[in-house]
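# generate a structure from the sequence data that follows.
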Amino acid sequence: QRPEVIRAFAQMICEGYVSQRPTMPESVKMETVECFDEEDEETKIKGLFEDAGDDPQHFLKCSELLRELESSAIYLSGNRLGRLMKQWGYTTEKKGNSKGWCGIRLVKNYLALSE
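Predicted coordinates for the structure are as follows:
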């Protein structure tokens, strides 16, 4: 609302104008790719576990899933993972000293057992 601020901003824009687009720094490129890779991240996360029905024997610990995510180069905090799982319809449960989800299992563990 102040005229001197508006003039300073307009001057900054006019003096900063160049005919060629500046090259994007590598760090900005990487961050941009990460932002647009989020949908793919969801697919990767969901690909690590599967529904095991109502069998209460299948309990996937949060720490176990986080470890599996890290080995797949997906780095999430326990809180963010919990929010995502809740968003996807999974309810966090506590079994002993562990927090996790009933009725789901890691795909690779299941595949290794069934061979």
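# got the residue ranges for the helices in the chain?
Counting by DSSP state H, one finds helices in the chain at the ranges 3-16, 26-36, 38-46, 62-71, 78-87, 107-114.
# quick check: longest strand of this protein.
strand 98-102 (DSSP state E).
# in its sheet, what does that one sit against?
When pairing is defined by DSSP bridges, strand 98-102 lines up against strand 59-61 (antiparallel), strand 93-95 (antiparallel).
# out of these, the one nearest Met85 is which?
Of all the strands paired with strand 98-102, it is strand 59-61 that lies closest to Met85, at 9.6 Å by C-beta to C-beta. For glycine as for every other residue, the C-beta is placed from the backbone atoms N, C-alpha and C.
# name the surrounding residues that touch the closest one.
49, 93, 95, 98-102, 104-106 (C-beta atoms under 8 Å, 6 or more residues apart in numbering).
# got the buried residues for it?
Across strand 59-61, burial judged by 16 or more other C-beta atoms under 10 Å covers 59-61.
# spatially nearest residue to Lys95 (excluding sequence neighbours)?
Phe59 (5.3 Å; C-beta to C-beta, 6 or more residues apart in numbering).
# just Thr91 next, same as before
Using C-beta to C-beta, 6+ apart, the closest residue to Thr91 is Trp101 (7.1 Å).
# and for Ile45, the neighbour number?
Ile45: 19 surrounding residues under other C-beta atoms under 10 Å.
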